[in-house]
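Asker: Predicted structure and sequence below. I'll ask about it afterward.
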Amino acid sequence: MKYEVIMFDADDTLFDFKKAEKEAFKNTMVGYGINYDENYHYKIYDEINTALWRDFDNGLITQENLKYQRFKELSHRLGAGFDEYEFAEIYMKNLSQGSFLYEDSIPLVESLKNDYRMTIITNGLTDVQHNRVRNSAIGKYMEEVIISEEVGLSKPDFRIFDYALKKINYHDKSKVIMVGDSLTTDIQGGINSGIDTCWYNPDKNVNKSKFKPTYEISQLMMLKQILEN
């Protein structure tokens, strides 16, 4: 068996984050008495949020600032006048309750639990990811759930991968594989750490980046074929 440890990304790999995000955002907006229109309100939020997370990946903003800045910009764009700190706290509380796993996530993890050691590494916020990920249906199968805000490191920094391996007292990187949907965080991070990588690419996007994964899959269950071969 080539691999012994599997590191999973959480959101958009095992968890349907977009569904959780849309639900939390809608509930927060409605709670503020806003006549919510997903095609308008969520579209604006998504543009702001995506740009800020890109800035975070490039080291231009901290997670702490990102939490609130996105809603400050949203309030300005909408002319809503709500307090970004209050809005952020309510939103994150709503988001922490949205733990939606993809259809194949539970069967995949359960099929691997006896043969592999598994961890999750997520570039998420502690208040949000603790409940969504650690307390999810697959949380019990993970030796560790490493949350970037909690440990002060984030993908693609190789140190968060090393930190995760140290937490489970494992040192042979030749037998570790990172599975995730993001080329710039999961795949780049795995490469930076010197471990093999598997790009989960359900939309079959063309890889135009400089980061070349060891493997590529379009369905989660395809990971079993890689591991068995």
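Answerer: Yes, it's here.
Asker: Restrict the one helix or strand in the chain whose mean pLDDT sits lowest to CA atoms and write it as CSV.
Answerer: Of all the helices and strands that make up the chain, the one with the lowest confidence by mean pLDDT, DSSP states H and E is helix 126-129; it has a mean of 87. C-alpha atoms of helix 126-129 as CSV (Å, rounded to 0.1, in the frame of the first residue of the first chain):
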residue,chain,number,x,y,z
THR,A,126,-12.6,28.5,13.9
ASP,A,127,-16.1,29.5,15.0
VAL,A,128,-17.5,28.3,11.7
GLN,A,129,-15.5,25.1,11.0
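Asker: And the strands in the chain?
Answerer: Assigned strands in the chain, in chain order: 5-8, 117-122, 144-147, 176-180, 196-200, 215-217 (criterion: DSSP state E).
Asker: For the first one, what does the pLDDT average out to?
Answerer: This points to strand 5-8. Mean pLDDT, computed over strand 5-8, is 98.
Asker: is it true that residue 41 touches residue 29?
Answerer: Yes - with contact defined as CB atoms under 8 Å, residue 41 reaches residue 29; the gap is 5.9 Å. Where C-beta positions appear, they are placed from N, C-alpha and C, glycine not excepted.
Asker: and these two? which has more neighbours close in?
Answerer: When residue 41 and residue 29 are compared for neighbours, residue 29 comes out ahead with 24 against 19, by other CB atoms under 10 Å.
Asker: Contact partners for the closest residue in space to that one that isn't next to it in sequence?
Answerer: Spatially, and ignoring its direct neighbours in sequence, residue 29 is nearest to residue 36 (4.6 Å; CB to CB, 6 or more residues apart in numbering). Going by CB atoms under 8 Å, 6 or more residues apart in numbering, residue 36 touches 26, 29-30.
Asker: just these now: which is nearest residue 193?
Answerer: Minimum distance to residue 193 across those is 37.2 Å, recorded for residue 26 (CB to CB).
Asker: Tell me which residues touch that closest one, please.
Answerer: Contacts for residue 26 (CB under 8 Å, 6+ apart) come out as 36, 38, 42.
Asker: Dump these into a markdown table; add pLDDT as well.
Answerer: What follows is the contacts of residue 26, written out as a markdown table (pLDDT from 0 to 100):
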| residue | pLDDT |
| --- | --- |
| 36 | 96 |
| 38 | 96 |
| 42 | 97 |
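Asker: Where do the helices of this structure begin and end?
Answerer: Under the criterion DSSP state H, the chain contains helices at 17-31, 43-57, 63-78, 84-96, 105-112, 126-129, 148-151, 158-167, 188-193, 222-228.
Asker: Dump these into CSV; add distance to residue 201 as well.
Answerer: Compiled in CSV, the helices of the chain are given as follows (distance: least, CB to CB, whole Å):
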stretch, distance to residue 201
helix 17-31, 16
helix 43-57, 18
helix 63-78, 26
helix 84-96, 25
helix 105-112, 16
helix 126-129, 23
helix 148-151, 22
helix 158-167, 20
helix 188-193, 15
helix 222-228, 10
